[in-house]
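1. Let me see the structure of the following:
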Amino acid sequence: MSDNEDRSVLLSVLAGIGIGAIVGAVVGLLFAPKSGQETREELGKAVERLKESVADLSHRIKPALETVASTIRQKAAGEEAAEAGENVPEQAQA
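-> Take a look at the predicted model:
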């Protein structure tokens, strides 16, 4: 696998784990034998923790995403240069 595919798989796995944890927490809160007020407070705390987790995750994966984007831009520029170089002889022959 290439580095890009490895990173994509890693991000997918992390996203799946995060989503599973969120769904599990919400279901646990909704079925817990607590009063409505307690459940709302716990749900609010869970949402705050989720916001913090998402912010942390975005800060950690941002450099990887920037690297992937840079690699894609470099490949695209290289392909454009190669195509431009291939077209020159054709234009010169015409």
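
2. So for stretch 11-27, what gets flagged as buried?
-> 22, 25 (16 or more other Cβ atoms under 10 Å). Just so you know, the C-beta spots here come from the backbone N, C-alpha and C atoms, and that holds for glycine as well.

3. for stretch 57-72, same thing?
-> Applying 16+ other Cβ under 10 Å to stretch 57-72 flags 61, 68 as buried.

4. quick check, distance from it to the centre of its chain.
-> Centroid separation for stretch 57-72 versus its chain: 9 Å, with Cα atoms, centre = their mean, to the nearest Å.

5. Dead centre of this protein: give me the residue that sits there.
-> Central residue of the chain (Cα atoms, centre = their mean): residue 11, 5.6 Å from the mean position.

6. didn't that residue look like it was pressed against residue 61?
-> Yes - judged on Cβ atoms under 8 Å, residue 11 makes contact with residue 61 at a distance of 6.5 Å.

7. What's the mean pLDDT across the helix or strand where residue 50 lies?
-> Here residue 50 sits within helix 36-93, counting by DSSP states H and E. Averaged across helix 36-93, pLDDT comes to 78.

8. Contact partners for residue 44?
-> By Cβ atoms under 8 Å, 6 or more residues apart in numbering, no residues touch residue 44.

9. ok, now how distant is it from residue 51?
-> Distance, residue 44 to residue 51, by Cβ to Cβ, to the nearest Å: 11 Å.
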